[in-house]
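**Student:** Pasting the sequence and the predicted coordinates here, then a few questions.
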Amino acid sequence: MMDLLTDNKVHDEARQGEAYAPFAHDPNQYKKRFYIESYGCQMNFSDSEIVASILNDAGFGATRNFEEADLVLLNTCSIREKAEQTVRKRLTEFRKVKDTKPGMLVGVLGCMAERLKAKLLEEEKLVDMVVGPDAYRTLPGLVEEAEGGQKAVNVLLSRDETYADISPVRLESNGVSAFISIMRGCNNMCTFCVVPFTRGRERSRDAFSIVAEARDLFERGYKEVTLLGQNVDSYYWNNEADNTNVTFAQLLEMVALISPELRIRFSTSHPKDITDEVLHTMAKYENICNYIHLPVQSGNTRVLQLMNRTYTREWYMKKVDRIREIIPDCGISSDIIAGFCSETEEEHQDTLSIMDYSKYDYSYMFFYSERPGTLAARRYADDVPEEVKKRRLQEIVDKQYQLSLESNQRDVGKTFKVLIEGESKKSDLEWMGRNSQNKVIVFPKEQYDLKKGDYVNVHVHSCNKATLMGKIV
Ligand code: SAH
Ligand code: SF4
Ligand code: F3S
C-alpha cells in the first residue's frame, strides 16, 4: 500500500537509514571514525553533509560500518510517529554493539533531538549526545565532553545560523546532482506540523554563498542542483553591504546564470507564496526545470483552514491554472494528508477531486499522525479512526497511480532532453536519467559514447506508472 512512498527523495521517512562514507582524503589520515545515518527530508540529508564537514575538520573520518566507528550518529526525523519509531528501533540495534564496545559514543542529531531534548537521554540510555539542527558547530566540543564521560546536550535553536560558510562534504553522491540548503526553519504554522518546533524560525542564507556553492559544484562536474527549504518562495536575503534584497526569483536567476549546462530545481513551494515572478523566471531560463512540488495537503477549504494552510480549494486551483498558463509543460507533484482531524467523507472526496483537477504527476501521501505540541494536537481531536484513515489513504494512492500512469501515457511519442544520472537499476546496457519535469526515463545505451552527467535527447515509446521508456534520437 505504501510503495509510492518508498522513493520519496524529499520528505519521507521511508528514505531512511542511509549510511555514508565520504573519503574525501586518505582515510588513514583520520585518527577516529564516525558513522552517520540520515532519516527524513532532504534537508536532513543535506545537514548530514554539513556535519561530515565539521567532523572531518575535527579529525574524524567516515566509515560505512558502524561496528568499527568511534562515533555513531543518527540524524533523525519527527514528522510522523513512524519516523520516530524507526529511529528507536535502530537505537536498540546499536545498543547490542555498544554493549561489547563501551568506548563507542552514540549521538542523536536532528529533529527528534530537538523535539525531545534531554528527555531522550532518559528514554534511551545508550545515547551519549543530543544535538539539535542549529548546534552542529558545537559537535566537536560535545564529543569531547562525551568522551570525558558526561552526557552532552545542545539543542539551542538560532535565529541566524545558516552554516553558509561550511562546505558540505558530498555524501553518497552520484556526482551529477547535489542539494543546496538556501534557508532553514519555517515560520508557517501548519497545525499538523512539527517542523517549526524542531527547526525554529525561518532564515535565509547569504545569496552569494549559495551561488558560490553552486558554481563550485558545477566546476567539479555536477550538472544539477536542487535548492532546498521548507518554503523556498519566502526566501528573502538582505545584503547588508549595500542594503539590497534578494528574492527567491532573483536567486533562481543568479543560479541559472552560472551556466546553461547546469540544471536548477527547488523544493518545497508553499502554494500561498509562489509568485508569478518565480513562474516567469522559470519560463525564461531553459535550465530551470519545469517542475514544481506544490503540496496541497487537502482539497477541502474547511480542512485547509483547520490545517492553517491559508489558502482555499479555489485559490489552489487558480494557482495550478496559473502555472499551466505560464509554463504549459510544467510537472506538478503534491503532498497529501488523509484523515486529518474531523475530516468527513465528503471532504475526503474533495481531496480526490482536486487531485484530478491538478493532474499530479506524482504525490507523497500520508495518513495524519498526531504530533505532540502542535496546534492540532492541542486544539483538535484526532478523531478519524485509523482504519478510515488507511482506507482514505489507499483511495488517494490508487487515484495517484491512475494519474501517474495517465500523465506518463501523455508523454509517449514526445522527445525530451534527459540528464543521464547513471545506469538503470535493471541493466548496465541501459541509462537512467530525468527530463525537466523530473520524470525518470530509461533507454538503451546503444553504440553512443555517452556518460553520466551528459545530456541526450530521448524519444519516449512506452511507459508504466513509474517510468518512461525511450530511445536516443
Ligand atoms: N514544508 C513542506 C512540507 C514539509 S513536511 C510544505 O509545507 O509542504 C512534508 C510533508 O509531510 C508535508 O507536506 C505533509 O504532507 C506531511 N506531514 C507533515 N506533518 C504530518 C503529520 N503530522 N501527519 C502526516 N503527515 C504529515
Ligand atoms: Fe510544516 Fe507547514 Fe512549514 Fe511545511 S510550511 S514545514 S508543512 S509548518
Ligand atoms: Fe523530518 Fe525534520 Fe525534515 S521532522 S521532514 S527531518 S525538517
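**Tutor:** That came through, no problem. Please read these numbers as outputs of a predicted model, since none were measured by experiment. Numbering: from 1, shown residues only. Ligands and ions are numbered 1, 2, ... in the order given.
**Student:** which bits of this structure sit near ligand 1?
**Tutor:** Contact residues, the chain versus ligand 1 (C-beta under 6 Å from any ligand atom): 11, 79-80, 192-193, 195, 230-231, 268, 270, 295, 297, 335, 337, 366, 368-369, 371. For the C-beta atoms, the positions are set from N, CA and C on the backbone; glycine is no exception.
**Student:** from those, which ones fall inside strands?
**Tutor:** Restricting the residues of the chain next to ligand 1 to those inside strands, with DSSP state E as the criterion, leaves 335, 337, 366.
**Student:** how close does the first one get to I79?
**Tutor:** Computed with C-beta to C-beta, to the nearest Å, the distance linking D335 and I79 is 11 Å.
**Student:** Could you check which of those two has the larger neighbour count?
**Tutor:** Higher neighbour count among D335 and I79: I79, with 24 against 18, using other C-beta atoms under 10 Å.
**Student:** ok, that one to E114 distance?
**Tutor:** Relative to E114, I79 is positioned 12 Å away (C-beta to C-beta).
**Student:** again, but for K465
**Tutor:** Using C-beta to C-beta, K465 is found at 37 Å from E114.
**Student:** Tell me which of these two has more neighbours.
**Tutor:** E114 (26 against 16).
**Student:** Just name whatever secondary elements the helix or strand hosting the more buried one is in contact with.
**Tutor:** With elements delineated by DSSP states H and E, E114 resides in helix 110-116, which encompasses its position. In terms of contact count using 3 or more C-beta pairs under 8 Å, 6 or more residues apart in numbering; DSSP states H and E, helix 110-116 is assigned the packing partners helix 42-57, strand 71-76, helix 81-100, helix 119-123, strand 129-131, helix 195-199.
**Student:** gap between the fifth one and the chain center?
**Tutor:** The chain centroid and the centroid of strand 129-131 are separated by 22 Å under C-alpha atoms, centre = their mean, to the nearest Å.
**Student:** Please apply the same query to stretch 399-410.
**Tutor:** Computed by C-alpha atoms, centre = their mean, the chain-centroid distance of stretch 399-410 equals 23 Å.
**Student:** residues in contact with that stretch?
**Tutor:** The set of residues external to stretch 399-410 that reach it, using C-beta atoms under 8 Å, 6 or more residues apart in numbering, is 4, 352, 355-356, 359-363, 365, 439, 463-468.
**Student:** ok, 7 Å please
**Tutor:** Outside stretch 399-410, the residues within contact range by C-beta atoms under 7 Å, 6 or more residues apart in numbering are 4, 352, 355, 359-363, 365, 463, 465, 468.
**Student:** circling back to that earlier point, so which of the helices and strands packed on helix 110-116 is nearest S167?
**Tutor:** Ranking those by their distance to S167 (criterion: C-beta to C-beta) puts helix 42-57 first, at 5.9 Å.
**Student:** and the angle for the closest one with strand 71-76?
**Tutor:** 160 degrees (axes from the mean of the first three to the mean of the last three C-alpha atoms, to 10 degrees).
**Student:** average model confidence for helix 42-57?
**Tutor:** Mean pLDDT, computed over helix 42-57, is 96.
**Student:** mind listing what the residue of the stretch 301-450 of the chain found nearest ligand 1 touches?
**Tutor:** When distances are taken as C-beta to the nearest ligand atom, the stretch 301-450 of the chain approaches ligand 1 most closely through D335, which lies 3.3 Å from it. D335 makes contact with 11, 295, 297, 363-364 under the criterion C-beta under 7 Å, 6+ apart.
**Student:** Likewise for G132?
**Tutor:** 113-114, 154-157.
**Student:** Also M317?
**Tutor:** Counted by C-beta under 7 Å, 6+ apart, M317 has contacts Y357.
**Student:** Which element, helix or strand, includes it?
**Tutor:** Taking DSSP H and E as the definition, one finds M317 inside helix 313-326.
**Student:** ok so, going back, confidence score at the residue of the stretch 301-450 of the chain closest to ligand 1?
**Tutor:** D335 carries a pLDDT value of 98.
**Student:** any idea how far S267 is from it?
**Tutor:** Using C-beta to C-beta, we find D335 at a distance of 11 Å from S267.
**Student:** Got phi/psi on T374?
**Tutor:** The phi and psi torsions at T374 (degrees, to the nearest 10) take the values phi -70, psi 160.
**Student:** ok, now which ones touch it?
**Tutor:** With contact set as C-beta under 7 Å, 6+ apart, T374 has these partners: 191-194.
**Student:** out of those residues, which one sits closest to L171?
**Tutor:** V194 (24.9 Å).
**Student:** got any ranges where the protein has weak pLDDT?
**Tutor:** 1-28 (pLDDT under 70).
**Student:** quick one, helices of it?
**Tutor:** Taking DSSP state H, the helices of the chain run over residues 42-57, 81-100, 110-116, 119-123, 139-147, 195-199, 207-219, 248-256, 276-284, 301-306, 313-326, 345-358, 375-379, 386-411.
**Student:** Would you mind listing what in the stretch 101-250 of the chain touches ligand 2?
**Tutor:** By C-beta under 6 Å from any ligand atom, the residues of the stretch 101-250 of the chain that approach ligand 2 are 186, 188, 190, 193, 195-196, 230-231.
**Student:** ok, and of those, which contact ligand 3?
**Tutor:** Contacts with ligand 3 are made by V195 out of those, judged by C-beta under 6 Å from any ligand atom.
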